[in-house]
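In: Take this sequence and fold it.
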Amino acid sequence: MPGGRLTQQERQQIALGLADGLAYAEIARRLDRPTSTITREVTRNGGPGTYRADLAHRATERRAQRRRPTSPQGPHPTSPPPGPNAEALTQYEERFTTVLMASGLTKMTARVLTCLFTTDTGSLTASQLAQRLQVSPASVSKAIAFLEGQSLVRRERDERRRDRYVVDDELFYQATIASARSNDRLVETARQGVVLLGAQSPAAARLENIARFLDFISESMVRAAEQAREVLHGSVEGAPNDATDRDRASKP
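Out: The predicted model follows:
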């Protein structure tokens, strides 16, 4: 039976087991650890309802750092910066959720997106989201459906054939392109109204101004999204031009 401290991978398995509703004894059996080890680990780090593998691992490292005697000679090794404590993280997640709600998201959708943004892996299963947020799976499913429709999350299958919901830099690019496509449809519809109402009509003039404004916004959004992606991924050389990429992104 292995001894020593739990590894970060073992803590991830504990979190997955809790999300799947496994008993401490079953989690311990799968890790080949004593049940008491799992019980102490979960209890020390918030209990089964709020246990987070990344925070638990950081807390353990901080405790070990405090216990480690300092060397009287030689330079001190640089330790990694400590992560946020549970209370500070909760307050930050609440602020982030409020900001997302102000941008137009519902509270549940904002909570799900915040949860994905603030996890180290950038991905969680539906059961993990429901467990972390203490909500029903149906609530998570509804929020995920909306976020997928807005290209703000994507779905992947993990090694256990479970759906995982992922956020990354590329999704913001895709969401921006999707927003530009939506503007393009408004531009097209507005200009159909110009033709219908006649160029001399005040209403037609209003619609043409709307079309010109949104057309400019769409082009600016696509250009800015391309530039941002080039900077983030270091792919300036050989990057497609705006018109080519916009045409490609608009295809299903």
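
In: measure residue 101 to residue 144 for me?
Out: 17 Å (CB to CB, to the nearest Å). Glycine gets a C-beta too; all of them are placed from N, C-alpha and C.

In: Looking only at neighbour counts, state which of these two leads.
Out: Higher neighbour count among residue 101 and residue 144: residue 144, with 22 against 16, using other CB atoms under 10 Å.

In: List the buried residues of stretch 178-193.
Out: 179, 180, 183, 184, 186, 187, 190, 191, 193 (16 or more other CB atoms under 10 Å).

In: and which of these is nearest residue 51?
Out: residue 179 (37.0 Å; CB to CB).

In: Now name the helix or strand holding that closest one.
Out: Per DSSP states H and E: residue 179 is located in helix 169-197.

In: and which of the buried residues of stretch 178-193 is nearest residue 148?
Out: Closest approach to residue 148 among these (CB to CB): residue 179, at 15.1 Å.

In: For residue 231, give me phi and psi.
Out: Residue 231 adopts backbone torsions of phi -70, psi -50, taken as degrees, to the nearest 10.

In: How much space separates residue 168 from residue 110?
Out: Counting by CB to CB, the gap from residue 168 to residue 110 is 19 Å.

In: Neighbour count for those two, which is higher?
Out: Each of residue 168 and residue 110 has its neighbours counted (other CB under 10 Å); residue 110 has more, 22 against 12.

In: Tell me, how many residues neighbour the nearest residue to the more buried one once chain neighbours are set aside?
Out: Excluding its sequence neighbours, the residue lying closest to residue 110 (CB to CB, 6 or more residues apart in numbering) is residue 100, at 3.7 Å. Other residues within reach of residue 100 by the criterion other CB under 10 Å amount to 19.
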